[in-house]
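Enquirer: sequence and predicted structure, then a few things I'm wondering about:
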Amino acid sequence: MTISRRTLLVGGGAALLGGCTTTATPDPQTSREPPIPAYYKAIYGPLPDERFPIPAVDLSQVDPKFWRREVDDPTGERAGTIVVDTASNYLYWTMENGRAMRYGVGLGRQGFGWNGEARIPFKREWPTWTPPADMIERDPELEKYRDGMEPGLGNPLGARALYLFQGNVDTLYRLHGTQEAYSIGRAVSSGCVRLLNQDIIDLYNRVPNGTRVVVRPPSAPLLV
C-alpha cells in the first residue's frame with residue numbers, strides 16, 4: 001500500500017510531528033497488586049553496560065498489560081513486520097509460527113497521530129535529536145539544539161531509534177526509546193511511537209534494515 005505524504009502526516013505539518021517530545025505530565029503513582037513477577041523485574045532491570053547506563057524501569061508507572069510479552073499474532077501480517085495498533089497502544093513484531101512479540105507504546109496526542117505504511121532504511125543507537133525549525137520557532141529555548149541534541153538519557157529519542165521512510169522521503173516519524181515510563185499506553189508525544197528503553201533495545205536487536213512497518217488507525221483496531 002502506498003499513501004501520500006499528506007495522508008501520512010495527519011493533523012499538522014511535518015515539523016510539528018518530528019519532535020517526539022512529551023506534552024503531558026505523569027499522574028501520581030498508585031500502588032499495584034499483585035507484586036511484580038521476577039521475570040519482569042529482570043527484563044526491565046538496569047542496563048549498566050550501555051553507553052549511558054540505563055536504570056531499572058519503575059513498573060509501578062506502567063499498566064501490566066503493556067509489559068513486553070510473546071503472544072499469538074493477531075495482525076495477519078507476514079513474519080518480520082512491525083504493526084502498530086494505535087487503538088490499543090500496542091506494537092507487534094511478527095514472528096514465525098503465528099507468534100508475535102508485543103510491546104506497549106506511547107503515541108502522539110490528538111492531532112499528531114498518523115497511520116499508513118513505511119519502511120525502516122536505517123536505525124541508530126543513542127541517536128541525536130534535532131528539533132524541526134517550526135518547533136524551535138514555537139519554543140525559542142530549543143534554539144541551542146538546532147544542530148542536534150547530544151545522545152543521553154535526557155534525549156527525547158532515548159537509547160535507540162528506528163527511522164521511518166516512504167521511498168526516499170523521511171516521514172519524520174520514529175520508533176524510539178524513552179525513560180518516561182508513565183507515558184506508555186498514553187497519547188502524549190508530538191507524533192512518534194515510543195517504547196521503554198529496555199523494549200526499544202529488544203526490538204532494535206530483532207529488526208533488520210528494510211523492515212516494513214504498518215501503523216493502523218484507531219478506526220481499524222486489531223481484534224485482540
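Expert: Structure's in. What do you need?
Enquirer: make sure residue 182 is indeed in a helix.
Expert: Yes - judged by DSSP: H, G, I helix; E, B strand; the rest coil, residue 182 forms part of a helix.
Enquirer: C-terminal to the longest helix along the chain, what's the next element?
Expert: Secondary structure assigned by DSSP state H gives helix 197-206 as the longest helix of the chain. Once the chain leaves helix 197-206, the next helix or strand it forms, by DSSP states H and E, is strand 211-216.
Enquirer: contact partners of that next one?
Expert: Strand 211-216 is contacted by residues 75, 77, 80-87, 114-120, 162, 164, 175, 193, 222 when judged by CB atoms under 8 Å, 6 or more residues apart in numbering. C-betas here are computed from N, CA, C, even on glycine.
Enquirer: if we go to 7 Å?
Expert: Here strand 211-216 makes contact (CB atoms under 7 Å, 6 or more residues apart in numbering) with 77, 80-86, 114-120, 164, 222.
Enquirer: measure the nearest residue to residue 84 once chain neighbours are set aside to residue 151 for me?
Expert: Computed as CB to CB, 6 or more residues apart in numbering, the closest residue to residue 84 that is not its neighbour in sequence is residue 215, at 4.4 Å. Distance of residue 215 to residue 151, computed by CB to CB, to the nearest Å: 26 Å.
Enquirer: hmm, back to that, what about the residue nearest to residue 84, how many residues nearby?
Expert: 23 (other CB atoms under 10 Å).
Enquirer: beta partners of it?
Expert: Counting by DSSP bridges, residue 215 forms beta bridges with residue 84, residue 116.
Enquirer: need the pLDDT of it.
Expert: Model confidence at residue 215, given as pLDDT, is 93.
Enquirer: residue 22 now?
Expert: With respect to pLDDT, residue 22 scores 65.
Enquirer: just residue 219 next, same as before
Expert: As predicted, residue 219 sits at a pLDDT of 75.
Enquirer: around the nearest residue to it once chain neighbours are set aside, how many other residues sit close by?
Expert: In space, and not counting its chain neighbours, residue 219 is closest to residue 87: 7.9 Å by CB to CB, 6+ apart. Neighbour count of residue 87, defined by other CB under 10 Å: 14.
Enquirer: residue 87 reaches residue 221, doesn't it?
Expert: Yes - contact status for residue 87 versus residue 221: in contact at 3.3 Å, counting by CB atoms under 7 Å.
Enquirer: low pLDDT regions in this protein?
Expert: Within the chain, the stretches with pLDDT under 70 are 1-19, 22-33, 110-113, 190-191, 223-224.
Enquirer: spatially central residue in it, please.
Expert: residue 194 (2.3 Å; CA atoms, centre = their mean).
Enquirer: how about the helix or strand harbouring that one: buried residues?
Expert: Using DSSP H and E, the element containing residue 194 is strand 193-196. Judged by neighbour count using 16 or more other CB atoms under 10 Å, the buried positions of strand 193-196 are 193-196.
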